[in-house]
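Undergrad: With the input below, show me the fold.
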Amino acid sequence: MEVALVLVVIAVIFVVQTYKIVPQQHAWVVERLGRYDRTLVPGLKFVIPFVERVAYKHSLKEVPMDVPSQVCITRDNTQLQVDGVLYFQVTDPMRASYGASNYITAITQLAQTTLRSVIGKLELDKTFEERDMINAKVVEAIDEAALNWGVKVLRYEIKDLTPPAEILRSMQAQITAEREKRAVIATSEGKRQEEINLAEGQKQAAIAKSEGEKQAAINNAQGQAAAITEVANATAVALARIGTAIRQPGGEQAVQLKVAERAVEAYSQLASQARTTLVVPSNMTEVSALISSAMKMVQAQQPGQDRAQ
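TA: Residues are numbered from 1 along each chain as shown. Next up is the predicted model:
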């Protein structure tokens, strides 16, 4: 019974040592008698007990790794506290096993030294502006060296750049001064634009006013011209009617009578004024001569009016 139990235990150990189940995205390195033999891929695999053994197990997934914080000195002799995170992936399990005693430590140390070298070539202001360039330089340097370690460096990201407290205060003061400067410039530009808008408005108002006055003067002149034309037309019509009336039987006598009445009215108005001295002609025939002259002028106008008609 005891022998059977021992045999069962040995059989179980033999099976466990013989068959290996490799998980997905993993690679196991097998050594035979202390020498590299092969790499096991995911699935159920066979290993000869006591002759072969799984020496290394690697994950083929992308691995994030924190790079410890360190002090870097910039080109202008300013100290920066810098830390970051590195992303890598094992691409060759055999080289990862035998290329370096500890590829993770090797990658970490190389990332730190490369970062110090890159930042040492930049001034303080540039380190904040050129993060992408710094990351690319670190990845390029590590990736070239990591080929012998069976590792592919995917990317490096700077997490934080911390200058000394004095530098932080001076940077904050500079930022505050720059913001105040921009605020003053914006205020002055606003006032300038406001003055320009006011001047432009006054200019447009003056132009509109002058245009209105010009149009009003034109309209007034046109109105006066139209009024003069209407008066002239009315006078012409009246004269035409007078000429027609004179040509009628008894028309000339009526005109003489009207002229005599107007003459009498004129003498009456002159006599009614207190400061007017009225001189009556000694010969009243002069009045009739005046009326005759008026009639001759009217008769002289009639042929011209007849021709115009």
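
Undergrad: Which strands and helices lie in contact with the helix or strand harbouring E189?
TA: Assessed by DSSP states H and E, E189 sits inside helix 165-247. Contacts defined by 3 or more Cβ pairs under 8 Å, 6 or more residues apart in numbering; DSSP states H and E place helix 165-247 against helix 251-272, helix 285-308. Yep, even glycine has a C-beta here, placed from its N, CA and C like the rest.

Undergrad: By mean pLDDT, show me the worst of those.
TA: In terms of mean pLDDT, the lowest-scoring of the helices and strands packed on helix 165-247 is helix 285-308 (a mean of 53).

Undergrad: just checking, A96 is part of a strand?
TA: No. If the criterion is DSSP: H, G, I helix; E, B strand; the rest coil, then A96 is helix and not within a strand.

Undergrad: State the distance from it to Y56.
TA: 7 Å (Cβ to Cβ, to the nearest Å).

Undergrad: more neighbours, those two?
TA: A96 (21 against 16; other Cβ atoms under 10 Å).

Undergrad: Quick check, that one in contact with S59.
TA: No. A96 is beyond contact range of S59, at 10.2 Å (criterion: Cβ atoms under 8 Å).

Undergrad: where do the contact lists of those two overlap?
TA: Contact criterion Cβ atoms under 8 Å, 6 or more residues apart in numbering; residues shared by A96 and S59: V90.

Undergrad: So A165 versus Q222, what's the distance?
TA: 85 Å.

Undergrad: Tell me the buried residues in stretch 15-25?
TA: Going by neighbour count (16 or more other Cβ atoms under 10 Å), the buried part of stretch 15-25 is Q17, K20, V22.

Undergrad: Let me know the closest of those to I228.
TA: Within the buried residues of stretch 15-25, distances to I228 taken as Cβ to Cβ reach their minimum at V22, with 118.6 Å.

Undergrad: Let me see the contact set for that closest one.
TA: V22 neighbours (Cβ under 8 Å, 6+ apart): W28, L40, V41, P42, G43, L44, K45.

Undergrad: Show me the two of those that sit farthest apart.
TA: Top of the distance list for those (Cβ to Cβ): W28 and L44, 12.2 Å.

Undergrad: Comparing the two, which shows the higher neighbour count?
TA: Set side by side, W28 and L44 show more neighbours around W28, with 21 against 9, by other Cβ under 10 Å.

Undergrad: That one and R53 touch, don't they?
TA: No. Contact criterion Cβ under 8 Å: W28 and R53 do not qualify, at 10.2 Å.

Undergrad: joint contacts of the two?
TA: With Cβ under 8 Å, 6+ apart as the test, W28 and R53 reach no residue in common.

Undergrad: Neighbouring strands - and their directions - for the helix or strand harbouring Q70?
TA: Using DSSP H and E, Q70 sits within strand 63-73. Counting by DSSP bridges, the strands paired with strand 63-73 are strand 79-90 (antiparallel).

Undergrad: Name the residues of the partner strand that are buried.
TA: So, applying 16+ other Cβ under 10 Å, buried residues of strand 79-90: L80, V82, D83, G84, L86, F88, V90.

Undergrad: quick one: which of the residues you listed is nearest to A234?
TA: L80 (103.1 Å).

Undergrad: For the closest one, give me the pLDDT.
TA: Value for L80, per-residue pLDDT: 87.

Undergrad: ok so, going back, may I see the buried residues of the strand holding Q70?
TA: In strand 63-73, counting by 16+ other Cβ under 10 Å, buried: V67, Q70, C72.

Undergrad: Need the residues that contact that strand.
TA: 79-90, 104, 107-108, 111-112, 115-116, 119-120, 156, 160.

Undergrad: related to what we said a few turns ago, return the mean pLDDT over the helix holding E189, rounded to an integer.
TA: Helix 165-247 comes out at a mean pLDDT of 81.

Undergrad: Could you report the separation of the residue nearest to the spatial centre of the chain from E180?
TA: Residue closest to the average C-alpha location in the chain (Cα atoms, centre = their mean): A186, at 15.2 Å. From A186 across to E180, the span is 11 Å (Cβ to Cβ).
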